[in-house]
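Undergrad: Give me a model of this one.
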Amino acid sequence: MRRNPRTDDLTYLRTFADADVIAVVELVRLGVPETTIYRRCRPGGPWRLLAPGVVLLATGVPTRPQRLRAALLHGGAGAQVTGLDAARLHGLRRGTVPDDVHVLIPGGRQVRSVRHVLVERTTRLLPPVVLDGLPLAPVERCVLDAARRLPDRSEVAALLTEPVQRRMVSREALETELDAGCRRGSAVPRAILRTIAAGVRSPAEFAVREWWLAHPELGEALFNVAILDGRGRFVGVADVFDEEIGLVGQVDSTEHHFMTPDQVIETERQHRAYRSAGLHVIGIRPNRLRLDPDGLHRDVLDARRVAAALPRAEVTWRPDLPSAG
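TA: Okay, here's the model as predicted:
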């Protein structure tokens, strides 16, 4: 191939790159000899090799967007980003993005995982959602791809409750995707989806529910139910509700330590509403599960005794489960 005299012009080469990321085959097509490309990627050179056959036309640490583009070029035609990187781009906030970029590729392709790029072949490659010029797996696929690889139940709960709570995807859609996908790593996500079906809508509520169910002496409880007074008027959504004795447990958690003045006022208003309906209320801070579990246990037992001593409240309840909007 005859060399293009502009191949030493970095500004010219960057017009063919995406965020300074470009494939070696594209540089060769532009007239840069392959030996020159790899020489420039040596330590101390002006470029950097991000993946086999993928070059960053700069030195230094690549940004996350540059790494995403490099992973897609490595994956080849039809590749799409999944996992927590895709979840972030969809607008989700939960979960810590791992070091590796996770990409899906068509099942017939033979591309291996390399350092910093996890490649997964799949026969169920759904049409991508393109954001910021990047093809992403749909929300339900990317969060479950991430959840299957998370070792901590609370992290999985955080990841799966957020899109349901924000009505970005329904629990049913997550269940359908989980059933259709790989069984490996599906046990914990499946258990979390059962708790979402039972009314849990946040990581804090998940932690409280797990703790409550581990202590049978606290009594049977419903989770996330709408309380109606004796005239059928809406009172509030109880995080925890013991119907038999009229006890409401409210999970007082705001990411998860500080509340704004408006949130304090709203919490106090909600507690007054429950009390006006004849219910006894106990506020539960999730950090007490870790810092003061014995004290929280005593407080809930004391609250149960107080609630049981009060006249039975004339209230009813109905499920208040989130769904995609």
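Undergrad: who's in contact with the helix or strand that contains Ile22?
TA: Per DSSP states H and E: Ile22 is located in strand 21-23. Here strand 21-23 makes contact (Cβ atoms under 8 Å, 6 or more residues apart in numbering) with 13, 16, 50, 53-57, 62, 66, 69-70, 73. (C-beta placed from N, C-alpha, C; glycine too.)
Undergrad: With stretch 54-63 instead?
TA: Against stretch 54-63 from outside (Cβ under 8 Å, 6+ apart): 10, 13-14, 17, 19-24, 27, 37, 41, 45-50, 66, 70, 73-74.
Undergrad: Okay, now the unreliable bits of this structure?
TA: 1-6, 253-260, 321-325 (pLDDT under 70).
Undergrad: those strands in it, which residues are they?
TA: Remark: strands assigned in the chain by DSSP state E are 21-23, 48-51, 54-56, 80-81, 101-106, 117-122, 129-131, 134-136, 222-228, 234-242, 247-251, 280-284, 316-319.
Undergrad: by contact count, what packs against the fifth one?
TA: Counting contacts by 3 or more Cβ pairs under 8 Å, 6 or more residues apart in numbering; DSSP states H and E, strand 101-106 packs against helix 64-75, strand 80-81, helix 83-90, strand 117-122, helix 139-147.
Undergrad: Can you lay out the ones you listed as CSV showing distance to Thr316 and mean neighbour count?
TA: Below are those laid out as CSV (distance: least, Cβ to Cβ, whole Å; neighbours: other Cβ atoms under 10 Å):
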stretch, distance to Thr316, mean neighbour count
helix 64-75, 50, 22
strand 80-81, 47, 26
helix 83-90, 38, 23
strand 117-122, 47, 19
helix 139-147, 34, 27
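Undergrad: Export those to TSV and append columns for distance to Gly107.
TA: Conversion of the helices and strands packed on strand 101-106 to TSV gives the following (distance: least, Cβ to Cβ, whole Å):
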stretch	distance to Gly107
helix 64-75	13
strand 80-81	13
helix 83-90	18
strand 117-122	5
helix 139-147	15
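Undergrad: any chance of the strands of the chain in CSV, with distance to Thr161 too?
TA: Shown next, in CSV, are the strands of the chain (distance: least, Cβ to Cβ, whole Å):
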stretch, distance to Thr161
strand 21-23, 34
strand 48-51, 34
strand 54-56, 36
strand 80-81, 22
strand 101-106, 21
strand 117-122, 24
strand 129-131, 21
strand 134-136, 20
strand 222-228, 11
strand 234-242, 13
strand 247-251, 12
strand 280-284, 17
strand 316-319, 16
